[in-house]
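# Here is a sequence together with a model predicted from it:
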Amino acid sequence: MEEIKVSVIGIRFEGENGFKILKVRDKGGDVFFAIGKMKDVGESDSLILKGDYNIHHSYGKEFIVKEYEFNSEDKLEAIRRFLSSSIIKGIGVKTAEKIVDEFGEDSIRILKENPDELMRVNGIGEKNIKSIKESVLSLGPVLDTMLFLTAVGLGQSLSYKIIEEFKDSTEYEIKDNPYILIKKIKGIGFKTADRIAKRIGIPEDSPFRIRSFIIYILETALEDGDTFLHEEELINKTVDEIGISAEFARENLESLVESGEIIIEEGCVYLKFVHIIEEKIVEKLKILKSFLFVPIEIENEDIEALEKRWDMKLDKEQRDTLRQVLKNKISIITGGPGTGKTTLLKFVSNILHERGKKILIGAPTGRASRRITETTGFDAKTLHRMLEYVPGKEVFLRNKFNPLEADTIIVDESSMIDIFLFYRLIDALSPQAQIIFVGDHYQLPPVGPGYIFRDMVNSGKIKTFYLSKIYRRGEKSLINVNAHKIKNGEYPDIPVIDKENEDLYDFYFVDKNREEDILKTIVELYIIRIPEKFGIDPLSDKIQILSPMYRGIIGVDNINKVLQEKINSLSKGIKYQDKLFKKGDKIIQLKNDYDKEVFNGDIGNIKKINTIKNSIIINFFNREIEYEGREFNEISLAYAISIHKSQGSEYDFVIIPIVKKQGIMLQRNLIYTAITRAKKMVIFIGEREALETAVKNNTPLERNSNIYQKIVREM
């Protein structure tokens, strides 16, 4: 067993029971991953690790941690980090090392009281001394505060934010209650505050700590999609994870109820603002449903005129649904792929327009709104743009005091809407407005909390129209048929490939057992076979690999790395943490950026790289957007993306690696979502047993939310 000293420079993965994959740097400057249970460890920590080195076939050198402890040299390490942070002009990384080697813990005192002594350090001259003196003078008392914040593990950017907030009382406030940082400083959560607390000796049973942890657990539940946690579950989590008695945990929970920060309703523990949103959603739906509405009647001639204009025919199911939707104040249109939702949307919007109604059409994402615009001919917007969201201020200008000016609002891809955005939407509706929700309630739940679209569909209290008939795209088309088979728990029809028969289908399974062979086949299909056969560019959004997982040989991360090396051999690029970006790379946006008007899941290509400015320009839908510095956190390579990230998107060709090893991710609606992203062809590569497992696994993605119960009870 080996012993090494490292600094933590990033957290790659954080699982349950303290398991982490850390990106670390050893004393020799080598960067690699450290893997093991390290519950209290965070970024910037200095550690002594015991364990063994290993060479991973995809990730290279890594260290398997069996034991760890915090490095007792933390104070010296903090001084090194502080001096290396460019806060003091004239001192760089190498010079900082030399200063600490020479003066040790006296380094800061020397800087403040007798900086001329620094001349003893090789490489520091009079010019450096002058810059150092000027920096120390300009910092004044902030110097000690910055050193304190560095010593407790905070970086330069957060330190400045904290000093700006607390000014001269920074050190006092943090030593009194470091958990105050969670509320006051954006970017600091419970884990960061808790590491600071441990470093300055705050007791583990401090009420500040326990109450902050309870809030943190509820906020984490929100990130997992739950609007509340059951009281006993919350108590047990608190007891297990921070080691206090159930009685003490319950006392602090009651204190939070008394202070009004949380609400407990029938054993369900909510953050107060989340409980209010649930209540308001149901209240507003009830008002909308009961408000006076004059139904719109249409004749066969109205439908036939549009059929003739667009050279298409609606069948009886579609005609009946069209008539009923126009007669209802609130309605839902749901159905799987190929059931005619988009066609119906086109007829609804045009008939309303011809009747003189002002309509607004929106969707949760930019790509979905662009698709509706192409289909209906009406300008569709993202919901944020429709509601006039103000970036930075995080406010919506459209609300109950300034409602949307429309007779009818149509919302597509409604399954992607979480409770927060849904609340903003219905809050901005005038009571007399008609609203039509369109989507597929069998898709994956939204990224944010709740499952509001499914809850409305299942409640039976809102008029819902289920489209069931599949409109085939051709005799050999299997995508829509197989999507419905999988949805119903049936194994899909997979054509037998006959090399002598040149018939082309749109659904294939390539049998491979070894992950290395699967990866090789993915590369061949993505780079050569599909592009050559169909004349498409592999760097475009016409072809997409969807993997259920990020890690492993056929995970998103490794596939992206391999394809980048194969497709984009340019040597120059910009490296950011463990990411490398090159000109031409296919890129995905990872979060909504309302300033740039680029949204989670949007895919583009890098057009320009500026290594001097450290910036890149990405073309998203014929708009060139610049990214620099920390903004690189918002993007990633997109040759492969996760199935979750593909929601609301469509691609001509979809490649899906699938193996038994993917375990918990082999779920029916996950696979359903993946294949319904394809317009022209789906290709599975891997083990058929894995697909069988996924089809059989109909474990619903349950989420803690009481909206369904409240709709049923109150509407």
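Nice, thanks for sending it over.
# got any ranges where the stretch 301-450 of the chain has weak pLDDT?
Scanning the stretch 301-450 of the chain for pLDDT under 70 picks out nothing.
# which residues of it fall in strands?
Here the stretch 301-450 of the chain has its strands, by DSSP state E, counting those that start in this stretch, at 330-335, 359-363, 380-382, 389-390, 395-396, 408-411, 434-439.
# what are the ranges of the strands in the stretch 51-200 of the chain?
For the stretch 51-200 of the chain, strands defined by DSSP E, counting those that start in this stretch occupy the ranges 60-70.
# Same check on the stretch 551-700 of the chain?
Taking DSSP E, counting those that start in this stretch as the criterion, the stretch 551-700 of the chain carries its strands at 574-576, 579-581, 586-589, 603-610, 615-620, 623-628, 635-637, 640-642, 651-658, 678-686.
# Next, the buried residues of the second one.
With burial defined by 16 or more other CB atoms under 10 Å, the residues of strand 579-581 counted as buried are Lys579, Leu580, Phe581. C-beta: built from backbone N, CA, C; applies to glycine.
# With stretch 592-612 instead?
Burial within stretch 592-612, assessed by neighbour count using 16+ other CB under 10 Å, is assigned to 592-593, 596-606, 609.
# One more: stretch 85-95?
Along stretch 85-95, these residues count as buried under the neighbour rule (16+ other CB under 10 Å): Ser85, Ile87, Ile88, Gly90, Ile91, Thr95.
# From what I see, the third one and Ser135 are in contact.
Yes - Ile88 lies in contact with Ser135 (CB atoms under 8 Å); the separation is 4.3 Å.
# for the protein, what are the low-confidence residue spans?
By pLDDT under 70, the low-scoring segments of the chain are 16-17, 40, 43-44, 57-59, 72-75, 156, 472-476, 498-502, 571, 700.
# Could you pull up the residues touching Phe420?
Residues touching Phe420, when contacts are defined by CB atoms under 8 Å, 6 or more residues apart in numbering, comprise Ile277, Gly448, Pro449.
# From these, which land in helices?
Among the contacts of Phe420, the subset assigned to helices under DSSP state H consists of Ile277.
# Make TSV from the contacts of Phe420 and add distance to Val712 to it.
TSV is the format used below for the contacts of Phe420 (distance: CB to CB, whole Å):
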residue	distance to Val712
Ile277	18
Gly448	23
Pro449	20
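# Just name the closest of the buried residues of strand 579-581 to Val695, please.
The shortest gap between Val695 and any of the buried residues of strand 579-581 belongs to Lys579, at 35.1 Å (CB to CB).
# Tell me if I'm right that that closest one and Leu637 touch.
Yes - here Lys579 lies in contact with Leu637, judged by CB under 8 Å, at a distance of 7.5 Å.
# Run a quick neighbour tally on Ile470.
Per other CB atoms under 10 Å, the neighbour tally for Ile470 reads 18.
# Return the backbone torsion pair for it.
phi -90, psi 130 (degrees, to the nearest 10).
# So it sits against Val481, correct?
Yes - assessed by CB under 8 Å, Ile470 is found in contact with Val481 at 6.3 Å.
# if we look at stretch 186-194, which residues are touching it?
With contacts defined as CB under 8 Å, 6+ apart, stretch 186-194 is touched by 40, 42, 153-154, 158, 161, 178-179, 181-182, 209, 212-213, 215-216, 219.
# what's the most distant pair in those residues?
By the measure CB to CB, Asp40 and Lys161 form the most distant pair in those, at 23.6 Å.
# So between these two, which is more surrounded?
When neighbours are counted by other CB under 10 Å, Lys161 comes out ahead of the other of Asp40 and Lys161, with 17 against 12.
# gap between that one and Gly187?
Between Lys161 and Gly187 the computed distance is 7 Å (CB to CB, to the nearest Å).
# How many residues are close by the closest residue in space to Asp116 that isn't next to it in sequence?
Spatial nearest neighbour of Asp116, chain neighbours left out: Ile129 (6.5 Å); criterion: CB to CB, 6 or more residues apart in numbering. Here the neighbour count serves as a burial measure; for Ile129 (other CB under 10 Å) it reads 16.
# Test my guess that Ile129 contacts Gly90.
Yes - Ile129 lies in contact with Gly90 (CB under 8 Å); the separation is 7.4 Å.
# residues of stretch 166-186 that come out buried?
Judged by neighbour count (16+ other CB under 10 Å), stretch 166-186 contains these buried residues: Phe166, Thr170, Glu171, Glu173, Ile174, Asn177, Pro178, Tyr179, Ile180, Leu181, Ile182, Ile185.
# In this structure the fifth one contacts Gly201, no?
No - in this structure, Ile174 sits apart from Gly201 without contact. The criterion is CB under 8 Å, and the distance is 12.0 Å.
# and the nearest residue in space to Lys329 that is not next to it in sequence, how many neighbours?
Ranked by CB to CB, 6+ apart and with sequence neighbours excluded, the top spatial neighbour of Lys329 is Phe293, at 4.0 Å. When neighbours are defined as other CB under 10 Å, Phe293 has 16 of them.
# which one of the contacts of Phe420 has the most neighbours?
Of all these, Pro449 has the most neighbours under the rule other CB under 10 Å, reaching 24 neighbours.
# Pull the residues that contact the longest strand along the chain.
Among the elements of the chain assigned as strand by DSSP state E, the one spanning the most residues is strand 2-14. Outside strand 2-14, the residues within contact range by CB under 8 Å, 6+ apart are 19-27, 31, 33-34, 41-53, 63, 71, 77, 551, 577-578.
# If we use 7 Å, what do you get?
Strand 2-14 is touched from outside by 20-27, 33-34, 41-53, 63, 71, 577, with contacts defined as CB atoms under 7 Å, 6 or more residues apart in numbering.
# Buried members of those into PyMOL, please.
A single PyMOL command suffices to select whichever of those are buried according to 16+ other CB under 10 Å:
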select buried, resi 20+21+22+23+24+33+34+41+42+43+44+45+46+47+49+51+63+71
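# Now intersect the contacts of strand 2-14 with the strands, please.
Judged by DSSP E, the subset of the contacts of strand 2-14 located in strands is 20-26, 33-34, 46-53, 63.
# For the host helix or strand of Glu279, name the packing helices and strands.
Secondary structure here is read from DSSP states H and E; on that basis Glu279 sits in helix 272-290. In terms of contacts (3 or more CB pairs under 7 Å, 6 or more residues apart in numbering; DSSP states H and E), helix 272-290 is packed against strand 262-265, helix 419-427, helix 707-714.
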